[in-house]
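# Give me a 3D structure for the following:
(chains A and B)
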Amino acid sequence: MALLELKNVSKIYQQGDIKVRALNNLSLTVEQGEFAALVGPSGSGKTTLLNIIGGLDTPSHGTVHLNGDDLTQMDENSLSHYRLMQLGFVFQAYNLVPVLSALENVELVMVLQGRLPAERRKRAMHFLEMVGLQDMINRRPSALSGGQQQRVAVARALAAGPRLVLADEPTANLDSDNATALLDIMHRLSHEEKTTFLFSTHDVRVMARAERIITLRDGSIESDKTVQIQE
Amino acid sequence: MSTRINKLPLATLLQLSWRNLWRHSRRTLITLFSIAAGFALAVFSIGLQDGGHNSMIRNAINMGEGHITIQPSAYLASPANYIFIKNGAGLLADIKKLKLKASFAPRISLRVLASTASNAVGVALEGLDPVNDRRRETLGPKITRGAWLEAGDSRGLLIGTGMARKLKAKVGNKIVIMSGKQDGNTEAQLGRVRGIFKSGVTELDSFLVISDLSFTRKFLVSEGADDVRRPVTRIAVFVDETDDIGFIKKTLTSVIHSDDIVVLDWQEMLPQLVQYIVIDDAFSYVMLVLILIVILFGIVNTVLMSVLERTREFGLLRALGLSKNYLLLLVFFESLLLSLMALVVGWLLGGSIHAYFAHTGIDFSEWLEEGTQIAGTVMDPVIIPELSLDRILQLSGVVFFVTLASGIYPAIKAARITPVQALRT
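Numbering: from 1, shown residues only, chains lettered A, B, ... in the order given. So this is what the prediction gives:
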């Protein structure tokens, strides 16, 4: 069974009298452990698709299954629980809670998961070390660079032990060095932690690191290619 | 893994709320001190008002008929000179046996005519024990000419300055006191002015004549009373602790087995004063409501602004799995902490001002005459602010709940944020 399975998913927004079809009868499967990129021009439906997979938005038609659970049948509380237990998120910017330190930000999701303090601390330290921020655990987001903030977000996403990490243009606000470093970390952790990554981008550096590139255009999949990464 | 999923522990909620409050420390401080200043103003002004009221009540009680009055039941409606307690000695002996924490002053109050060679006026004649009666403490120091009555002075009279003016009487002058009897005849007794007092209360200074009980009792005897049984028209009761008024009144009522005698507390004796205080309190409550409105908008403004600024952050928290209810609680806790801090700072500020003036008093003598007469009593020119425990709890409770309530709208607004919309901002 595929980790993620979308069948005939459509998303139609009503803007005044006009209906905007953001996703058009889209079907997609993602297997456990994949490191896949959603690419396409602005307005192609990348963020909408990630929002629907992330349980942040609901499709107008079609079904979304993650690990066998149908998201379209879930109420708000179940979706909230689903996001907490099954998913990790890395957004484009403003990923962190400003009043919490890096360590506390990583721990936050585990607090919500109800994990015990000692376990939280141990996992948070482990993942912050894996993203190379072990010396900055007590810094608040305002005292971290954009790249460091995104690395904290990756550590937070993974520390919660998700089945799938969704990243919406994670490198959009980063310079080349930071973007490359972040992708290397995400790629490495994807393999080490056996976690599935699905991220949207139109950054060629990101595409170059992806093992699968799904190209969207006008809400439909234009192409879906598996690529061999040369290490 | 525990079952506390999608929830934030109380400690984390408090920590997050506390840090969020201080994210814009200047804004929080301005709001905090605005609320605290408003609250301090309310504490001080209500303390001052209560101090003024209590001063009036104390003066009314001490210069009047005590905390509790025992008198013939018909007397309040129609204070005729032939209405009296026939066996004053027996009643006094009975209530003294109760060993209550109070002192008892037998008094005879009559409506009589006082005349000198120059004039004649209607007066309230009050006979009392010149040595033990509370009036010695309250009116004794107010004697401006002559002296207080000596024990056993059966002809001595004390009059107020207003009365002295009307009768053109001086210390040592004679005054004839006349009383109409029930049978249509007149009883007259000759008294002599021993002292002239100035209490500041018109009713006392212009209408009260004080004498020894033995002088006044002659009028009751003329109405058929038995002098041996020491008839009185009332017994004024002065309690040691005002908290005991209810208990003592109840005890006295239970031991007096006569339909002809009633036990009244000061509120029943001084309804006009009670009414004045109620109206005055109502005005102060209006002021308090205005202060509360300012406080309410202060908090709504601060917390709402902070909520609107953090729309994306709330979207992030919701996306990460924080439930709607806990997001509501998070924002609500910010109002709660602000309320508690405002309460503490408000009490420190208002309490300090109150404590200072409760020690020194506020001297209004520049604006008020020595005794400003209100509702049949007098307010001291130096007012000492007073705050009872009830008032402290009442003020704290009202401000706390209003400030807490002011956090409800921003909290609901935050909880309504949908992650997908918030993350787009």
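# Where does the spatially most central residue of chain B fall, secondary structure wise?
Closest residue to the average C-alpha location of chain B: residue B:54 at 3.7 Å, with C-alpha atoms, centre = their mean. For residue B:54, the element it lies in under DSSP states H and E is helix B:25-63.
# got it, and residue A:50?
Judged by DSSP H and E, residue A:50 forms part of helix A:46-53.
# Show the subsequent helix or strand relative to that helix.
Downstream of helix A:46-53 (by DSSP H and E), the next one is strand A:61-66.
# Averaged pLDDT, that following strand. What do you get?
For strand A:61-66, mean pLDDT is 94.
# contact partners of the next helix or strand after it?
Using DSSP H and E, the helix or strand that follows strand A:61-66 in sequence is strand A:69-70. Outside of strand A:69-70, the residues within contact range by C-beta atoms under 8 Å, 6 or more residues apart in numbering or on different chains are A:63, A:64, A:82. No exception for glycine: its C-beta is placed from N, CA and C like everyone else's.
# Repeat that for stretch B:64-73.
Residues contacting stretch B:64-73 (C-beta under 8 Å, 6+ apart): B:61, B:83-85, B:91, B:95, B:102, B:105, B:107, B:134, B:233-239, B:242, B:245, B:248-249, B:252, B:256, B:259-266, B:269-270, B:377.
# in the helix or strand residue B:247 falls within, what's buried?
Per DSSP H and E, residue B:247 falls inside helix B:245-255. For helix B:245-255, burial by neighbour count (16 or more other C-beta atoms under 10 Å in any protein chain shown) applies to B:245, B:248, B:249, B:251, B:252.
# which one of those is nearest chain A?
residue B:245 (54.4 Å; C-beta to the nearest C-beta).
# Can you name the residues that contact that closest one?
B:67, B:68, B:239, B:265, B:266.
# Got the phi and psi for the second one?
Main-chain torsions, residue B:68, degrees, to the nearest 10: phi -140, psi 140.
# ok, for the residue nearest to the centre of chain B, nearest residue in space, not its chain neighbours?
residue B:386 (5.3 Å; C-beta to C-beta, 6 or more residues apart in numbering or on different chains).
# okay but that neighbour is in contact with residue B:47, surely?
Yes - using C-beta atoms under 8 Å, residue B:386 is in contact with residue B:47, at 6.2 Å.
# between those two, who's got more neighbours?
residue B:47 (26 against 18; other C-beta atoms under 10 Å in any protein chain shown).
# Distance of the residue nearest to that one when sequence neighbours are not counted relative to residue B:15?
Distances taken as C-beta to C-beta, 6+ apart place residue B:385 nearest to residue B:47, at 3.7 Å, with adjacent residues excluded. Per C-beta to C-beta, to the nearest Å, residue B:385 is found 39 Å from residue B:15.
# between the two, who's got more neighbours?
It is residue B:385, of residue B:385 and residue B:15, that has more neighbours when counted by other C-beta under 10 Å, with 24 against 16.
# for the record, mean pLDDT for whichever strand or helix holds residue B:285?
In this structure, residue B:285 sits in helix B:271-309 according to DSSP H and E. Averaged over helix B:271-309, pLDDT sits at 84.
# who does it touch, helix- and strand-wise?
helix B:25-63, helix B:324-360, helix B:389-406, helix B:408-415 (3 or more C-beta pairs under 8 Å, 6 or more residues apart in numbering or on different chains; DSSP states H and E).
# For the second one, buried residues please.
Spelled out, it's helix B:324-360. B:324, B:326-339, B:341-343, B:345-347, B:349-351, B:353-354, B:357-358.
# what does stretch B:292-310 rub up against?
Against stretch B:292-310 from outside (C-beta under 8 Å, 6+ apart): B:20, B:23-24, B:27-28, B:31, B:34-35, B:38-39, B:314, B:331, B:334-335, B:338-339, B:342, B:398-399, B:402-403, B:405-407, B:409-411, B:413-414.
# what's the answer for stretch B:312-326, then?
Contacts of stretch B:312-326 (C-beta under 8 Å, 6+ apart): A:54, A:56, A:76-77, A:80-81, A:83-85, A:89, A:91, A:94-95, A:97-98, A:108-109, A:112-113, B:6-8, B:13, B:307, B:327, B:330, B:414-415, B:417-423, B:425.
# Chain neighbours aside, what residue packs nearest to residue 79?
Unless you meant another one, I'm taking chain A. residue A:55 (4.1 Å).
# looking at chain B here, not the other one
Closest to residue B:79 by C-beta to C-beta, 6+ apart is residue B:111, at 6.6 Å.
# Can you list the strands that the host helix or strand of that neighbour pairs with?
Applying DSSP H and E as the criterion places residue B:111 in strand B:102-115. Looking at strand B:102-115 with DSSP bridges, its partner strands are strand B:120-128 (antiparallel), strand B:174-180 (antiparallel), strand B:234-239 (antiparallel).
# May I ask which helix or strand of the chain has the lowest mean pLDDT?
No chain in the question, so chain A it is. helix A:204-209 (a mean of 80; mean pLDDT, DSSP states H and E).
# Correction: the question concerned chain B.
strand B:372-374 (a mean of 66).
# list the contacts for whatever residue of the stretch 51-200 of chain B ends up closest to chain A?
In the stretch 51-200 of chain B, the residue that lies nearest chain A is residue B:51 (44.7 Å; C-beta to the nearest C-beta). Applying C-beta under 8 Å, 6+ apart, we find residue B:51 in contact with B:358, B:383, B:384, B:385, B:386.
# Need the overlap of contacts for residue B:386 and residue B:47.
Counting by C-beta under 8 Å, 6+ apart, the residues touching both residue B:386 and residue B:47 are residue B:358.
# How confident is the prediction for the nearest residue to residue A:222 once chain neighbours are set aside, by pLDDT?
Distances taken as C-beta to C-beta, 6+ apart place residue A:215 nearest to residue A:222, at 4.5 Å, with adjacent residues excluded. Listed pLDDT for residue A:215 reads 94.
# and residue A:215, which of the three is it?
strand (DSSP: H, G, I helix; E, B strand; the rest coil).
# In the sheet, which residues pair with it? Tell me.
Bridge pairing for residue A:215 - DSSP bridges - gives residue A:39, residue A:223.
# so it touches residue A:36, yeah?
No - using C-beta under 8 Å, residue A:215 is not in contact with residue A:36; the gap is 11.3 Å.
# which stretches of chain A form strands?
A:4-15, A:18-30, A:35-39, A:61-66, A:69-70, A:87-90, A:164-168, A:196-201, A:212-217, A:220-226 (DSSP state E).
# mind listing what's buried in the first one?
Meaning strand A:4-15. Residues A:4, A:5, A:6, A:9, A:10, A:11 are the ones in strand A:4-15 that count as buried (16+ other C-beta under 10 Å).
# Tell me, how many residues neighbour residue B:418?
Other residues close to residue B:418 by other C-beta under 10 Å number 16.
# let me redo that: residue B:36
Neighbours of residue B:36 (other C-beta under 10 Å): 22.
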